[in-house]
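Engineer: Sequence and predicted model, in that order:
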Amino acid sequence: MGRSTLKSTASRCLRWLDDRTGLLWVLRHSLFHRVPVSAKWWYVFGSATMMFFAVQIASGIVLAMFYAPSAAQAYESLVYINQQVPSGWMLRAIHGWSSNAMCLMMLVHLAQVFLHGTYKYPRELTWIFGVCLCVLTLALAFTGQIMRWDADAYWGLGIGAAIVDRMPVVGNALRGIMLGGEQISGATLSRFFALHVFILPGTTVALIGLHLYSILRKGISEMPKAGEVVDPATYDKAYEARVHKTGVPFYPDAARRDMVFCGAALIVLVGIAAWYGPMGPGALPDPTIIEASPRPDGLFLWIFAALALLPPSSETALLLIGPPVGIALLALLPFIAPRGERAPSRRPLSVLSFGVVCTGIGVLTWLGMQSPWSPVMNAWTSTPVAPEFVERRSPLALQGALEFQFAQCRNCHAIGGTGGMRGPDLTEVATRLSWDQLVRQIQQGGGNMPAYGKTLSSAETHALVAFLSTLDGGRSRAQIPGAMESQSVSDAMPTAASTPLTSSSP
Amino acid sequence: MIARAVPWRRLLLACLACLSVSCDRLPGKPAPPAATPGLDVSTGFRAFYAERCAGCHGDEGRYGPARPLNAGIYLASIPEDALFTIVRDGIPGTRMPGFGGSSVTGVSDEQIRAFILGMKRTWANPTGLQSIVPWQAGLSEASAEHGATLFASRCEFCHPRAGNQTQVAGAQQGAVPRLGGDVRDPFYARLVSDQHLRTSIIFGRDDLHMPSVRGPFFTANGERVVEELSVGEVDALVAYLASFRQASTLSGRFEGGTP
């Protein structure tokens, strides 16, 4: 078989494929469509985001072949990938760093589009798809962090569940759906694995398609010029005329810049991955690290700081209303400001708000890195109740101390100076709060403390309060026998009566 | 153009080759994790214990709100399989969590077995006197009434009803036993399992001065009795204490009962 017959067979095959699919036409239109000549280096960030996404898909597929999404094996399989799979650690490093790079590029892209006013008429839909992609990318990063199944993952989940839990009416059900049960467990990991590997990437791919299609349809914007005003009445015609006259084909003119930038970014990525290695898996499954203080990945640190800093009274409202309203505002931007100047120099308000948001997130991130406010996630099993809080307690108070550990109160509350620092130290809580106030605090929560009214039985609440009311800083020694039970007055009765009496006998 | 493309491609290939060959020598390669394997060595056991059990069973296995595990005779008596199941699945309905595969920390069965081995090696003391009462409950019919009379003659002195205790008048410091709290509180009874009551009575809690089956116990008027409880007596006591789960918590005697 000669070279020419091979060639003609190949071209025949291609022609057949083109005939059936129209691929060539699509290719021609996407590769060689004309773009404004002013589209220069500012326009590479979108492509870079997509390139990193491609890296994520490729490396993610390979990782999924080795990763075991079960609570018992996740950690071991990550160690296996790091140590046994040839260059497996490199793959994890690339997947991890590329995720950060993708988020970074996406945010830069978003900032550029915002500052250049590109979202204005007629590219509203492109922008809306972009905002959706932004949310999806952050969700991918968040769920990806959970795949490590270490203390950080656990922490991120805890906060996420707490936020979801606060939603009125549906909160509790949503939390159950999110965690796959009452508590973070193996089922939670399976759920997030499905999200991270199937649902989110699938949706992202579809949205990228829509995003690109809408770009092709309405064309790439030109660099903004001060004085050049977007007017929906004339914009389309003028744009088309200009592009037709001075535009250049996307490939190779504009694509070359994309390729150079993406290539450079890829080299930097591999360099960073080779130098800094993979992230985690961190503390939780490692029994030698006691009281590691978990933190979310850098990207989410500011949320963590905001949570800790918000005044308790407005926290719920801000948490539940803030993000949806913020995202909706962002998405609706092109309808709020559809026309007018695009140049940043003529849009001081936009530049100012951009600056404020950036500074805010920056400061919060910094605070998040400094803060000691995170709950200590393993305190309930690892931080002992000091002997002085165990001796001379009644058996009921001992059960209360156990409930205090078991319900993970200890993760947020210190007793005798050890334990979480998220809530107040309770060493002397009995001097501040009466029996009834303790019952109320536990049942209704408040501030940053979850409400336990629905999750604790009356016996459990009773035992907890019996224990907490022995914490009076040693002022009254007579805890045994029965001194603190006697503090219980008839007001404590509604507790027993209103919550169903569950017999805890197994 | 084409002439330049070829060396580029070769360079890239060379780079890739270098990378894949020397991948293991790059600075980013993580060090193998040190701690997880080898839990049977006692240091691994201690780390596991400190991370997962110390919060409830106490630092070094003593003085926690849950029963001491650093108790030689206890560890020698509890059947291996029961211990394994408890650590893996927890004790449902109580505050003892499971640590096996379906929990957050998800410890594998092998790790649990290694941990138990480590715990027994470090704390169990099979040479100590073993109790004649087995850890596990038998099938004997236990009567709560029998338990009630036994309780009155052995335990009530140390475990009076809440708000009902009489201080031992004129007793000298040191001669008086450390009194315990109310074990007939219905809330307490609902929170613990029968096995917990049984374990507590058989092995006691020497860290908190609760005697084991061997005593010493005290009669209602404070006389010391050193007499080992039999299997049937332990069963009866458990049945008696467990019967308080059904007791009403609404009667003022338990809750509002101030002396």
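Structural biologist: Perfect, thanks for sending it. Numbers count the residues shown, from 1 in each chain, chains lettered A, B, ... in the order given.

Engineer: Tell me the buried residues in stretch A:244-251?
Structural biologist: Under the neighbour-count criterion of 16 or more other C-beta atoms under 10 Å in any protein chain shown, stretch A:244-251 has A:247, A:250-251 buried. The way it works is simple: take the backbone N, C-alpha and C, and place the C-beta from them, glycine included.

Engineer: Okay, now that stretch: how far is its last residue from its first?
Structural biologist: From its first residue to its last, stretch A:244-251 covers 15 Å (C-alpha to C-alpha, to the nearest Å).

Engineer: Tabulate the buried residues of stretch A:244-251 (TSV), appending distance to chain B, pLDDT and secondary structure.
Structural biologist: Below are the buried residues of stretch A:244-251 laid out as TSV (distance: C-beta to the nearest C-beta, whole Å; pLDDT from 0 to 100; DSSP: H, G, I helix; E, B strand; the rest coil):
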residue	distance to chain B	pLDDT	secondary structure
A:G247	24	84	coil
A:F250	20	84	helix
A:Y251	15	83	helix
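
Engineer: Pick the one among those residues closest to B:K29.
Structural biologist: Nearest to B:K29 among the buried residues of stretch A:244-251 is A:Y251, at 38.8 Å by C-beta to C-beta.

Engineer: I'd assumed A:L31 was in contact with the closest one.
Structural biologist: Yes: A:Y251 is in contact with A:L31 according to C-beta atoms under 8 Å; the separation is 4.3 Å.

Engineer: Give me the phi and psi angles of A:L456.
Structural biologist: phi -100, psi 140 (degrees, to the nearest 10).

Engineer: what about stretch B:58-70, start to end distance?
Structural biologist: 9 Å.

Engineer: where exactly do the helices run in the stretch 101-250 of chain B?
Structural biologist: Secondary structure of the stretch 101-250 of chain B (DSSP state H, counting those that start in this stretch): helices at B:109-123, B:144-154, B:186-191, B:194-203, B:231-242.

Engineer: and among those, the most buried is which?
Structural biologist: helix B:186-191 (a mean of 26; mean count of other C-beta atoms under 10 Å in any protein chain shown).

Engineer: Using CSV, list the CA coordinates for stretch A:105-112.
Structural biologist: Extracted in CSV, the C-alpha atoms of stretch A:105-112 (Å, rounded to 0.1, in the frame of the first residue of the first chain):
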residue,chain,number,x,y,z
MET,A,105,-7.1,32.1,36.6
MET,A,106,-10.8,32.1,36.8
LEU,A,107,-10.9,34.9,39.3
VAL,A,108,-8.4,37.0,37.3
HIS,A,109,-10.6,36.3,34.2
LEU,A,110,-13.6,37.4,36.2
ALA,A,111,-11.9,40.5,37.4
GLN,A,112,-10.7,41.4,33.9
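
Engineer: could you give me the average pLDDT of that stretch?
Structural biologist: Averaging pLDDT along stretch A:105-112 gives 94.

Engineer: For A:G355, the count of nearby residues, please.
Structural biologist: Neighbours of A:G355 under the rule other C-beta atoms under 10 Å in any protein chain shown: 10.

Engineer: now swap in the one 3 residues further on and tell me
Structural biologist: The local packing count at A:C358 equals 12, with neighbours defined by other C-beta under 10 Å.

Engineer: Can you classify it by secondary structure?
Structural biologist: Here A:C358 is recorded as helix under DSSP: H, G, I helix; E, B strand; the rest coil.

Engineer: For A:M51, see how far away it is.
Structural biologist: 24 Å (C-beta to C-beta, to the nearest Å).

Engineer: Same check on A:V248?
Structural biologist: The value you get for A:V248 to A:M51, if C-beta to C-beta is used, is 21 Å.
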